[in-house]
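Chemist: build me a model:
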Amino acid sequence: MVLNYIWLFFFFAAFVAALVQWLVLGDAEVFNRIVQDTFGMSKTAFEIALGLTGTLAFWLGIMKVGERAGAIQMLARVVDPLFRRLFPGIPAGHAASGSILMNISANMLGLDNAATPLGIKAMKELQELNPRPDTITDAQAMFLVLNASGLTLIPVSIMTYRAQLGAANPADIFLPILLATFCSTLAGLVAVSMVQKIRLHHPVVLAWIVGMVAAVCGTLWYFARLSAEQLAHRSALVSGLILFGLVVGFLALATRRGVHAFDTFVEGAREGFNTAVMVIPYLVAILVGIAVFRASGAMDLVMRGVAAVLGLLGLPADVVPALPTALMKPLSGSGARGMMIDAMKTYGADSFVGRLSSMFQGATDTTFYVVAVYCGAVGIRNTRHTIGCSLIADLAGVIAAIALAYFFFPPY
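Modeler: As a prediction, the model looks like this:
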């Protein structure tokens with residue numbers, strides 16, 4: 001329901017903004033741009049879904065092998081004490097717990113291509129427990145909010161862009177991004193827990209949170225001692241080793257337990273292909289809505305309004321040139337990436353704006369894309385409190401990024 005209203009808002013706001021551009025500013029080409037972007041983004045959405053097909057087929061095939069071999073159930077037992085309290089709707093030892101853990105781990109390592117199919121796999125397993133298939137469950141909402149909060153330990157792609165654009169130390173945003181994205185995830189967890197009345201002060205939950213904080217600090221301590229080149233090399237090595245090690249581990253366990261790995265893989269891969277086809281309409285709808293909103297000039301009007309509000313409140317306007325990245329990130333990952341690159345090209349990779357835009361890019365994830373793809377994969381239409389809590393997480397990440405930017409990279 002919420003997604004429906006937001007989607008309609010994109011089009012109505014775009015129409016009003018386009019009328020203003022035409023009647024007030026005399027821009028007669030605005031409607032032509034909107035139509036061109038509509039066709040262009042429809043094609044792009046299909047190409048994204050087409051690109052997902054191979055990835056989904058492979059990883060859902062591997063996940064099917066792991067499931068038949070018992071690996072997913074083993075992972076589920078490890079995280080069961082925590083997940084029983086965060087996801088009370090999941091039965092003890094259910095395979096969805098292992099899939100959720102693997103998706104979150106892939107996101108933390110920055111393995112986007114692996115994280116998406118693992119997340120869809122988790123949503124499909126959670127959907128098996130859903131008594132109302134068109135409405136999201138509490139467990140699915142918690143999972144999507146944690147997913148959309150964008151917790152990432154190693155932002156390799158952002159550091160790569162900074163290096164390409166001439167940053168003196170591309171890794172200097174590593175610590176601020178880690179802290180900002182951790183704030184985002186924690187805010188999302190608290191928001192959903194309040195809505196669903198989950199007790200976070202339970203000893204087991206507190207122990208896991210303290211453990212995760214310690215793991216984050218330990219990772220930070222290790223990587224902070226490395227040079228930019230060492231950081232990029234070792235983070236890529238660790239990510240690749242874990243990912244390929246997981247594949248080989250699943251196959252080895254399947255061999256040991258007498259599972260026909262190839263036939264099982266093909267069965268899971270076929271599910272991945274069907275899932276990719278099912279996602280296409282949802283992906284086209286949300287991405288076209290975002291493209292129309294941006295092409296009409298509505299995004300520019302929002303930015304001017306934000307700048308005016310900051311001025312009225314007497315707050316510094318240094319953050320305004322970087323805000324397009326923050327505002328675009330929940331809508332479009334590629335759009336936010338383009339705005340981040342544009343900010344670094346315009347103001348410099350090592351400028352306050354360039355660094356802050358990089359931090360916005362790494363602090364959160366593409367909320368509407370995640371909700372559209374994951375809910376679309378299982379046919380959910382009513383997302384309940386999912387988007388609201390995800391946007392709270394996004395806001396917390398943005399606020400934390402601004403505060404950390406002023407702390408680490410003061411513009412004065």
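Chemist: name the residues that touch stretch 388-401?
Modeler: 2, 141, 144-145, 148-150, 176-177, 179-181, 183-188, 191-192, 195, 326, 329-330, 356, 359-360, 363-364, 367, 370-371 (C-beta atoms under 8 Å, 6 or more residues apart in numbering). All C-beta spots, glycine's among them, are computed from the backbone N, C-alpha and C.
Chemist: swap in 7 Å and give it another go.
Modeler: With contact meaning C-beta atoms under 7 Å, 6 or more residues apart in numbering, stretch 388-401 is reached by 2, 144-145, 148-149, 179-181, 183-185, 187-188, 191-192, 195, 326, 330, 356, 359-360, 363-364, 367.
Chemist: okay, and which of the residues you listed map to helices?
Modeler: 2, 144-145, 148, 179-181, 183-185, 187-188, 191-192, 195, 326, 356, 359-360, 363, 367 (DSSP state H).
Chemist: in ChimeraX, select just the buried ones from the residues you listed.
Modeler: For the buried members of the ones in helices among the contacts of stretch 388-401, the matching ChimeraX selection, counting by 16 or more other C-beta atoms under 10 Å, is:
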select :144,145,148,179,180,181,183,184,185,187,188,191,192,195,326,356,359,360,363,367
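Chemist: what pLDDT is listed against the residue nearest in space to the middle of the chain?
Modeler: Of all residues in the chain, the one closest to the mean position by C-alpha atoms, centre = their mean is residue 365, 3.0 Å from it. Note for residue 365: predicted pLDDT of 79.
Chemist: ditto for residue 76
Modeler: On the pLDDT scale, residue 76 is placed at 65.
Chemist: the lengthiest helix in the chain - contacts with which helices or strands?
Modeler: Taking DSSP H as the criterion, the chain has its longest helix at helix 30-69. Contacts defined by 3 or more C-beta pairs under 7 Å, 6 or more residues apart in numbering; DSSP states H and E place helix 30-69 against helix 2-23, helix 112-127, helix 228-256, helix 261-295.
Chemist: give me that answer again for 10 Å
Modeler: helix 2-23, helix 71-86, helix 95-108, helix 112-127, helix 228-256, helix 261-295, helix 367-378 (3 or more C-beta pairs under 10 Å, 6 or more residues apart in numbering; DSSP states H and E).
Chemist: starting at the chain centroid, how far to the fourth one?
Modeler: The chain centroid and the centroid of helix 112-127 are separated by 12 Å under C-alpha atoms, centre = their mean, to the nearest Å.
Chemist: now do that helix, average pLDDT.
Modeler: Helix 112-127 shows a mean pLDDT of 77 in the predicted model.
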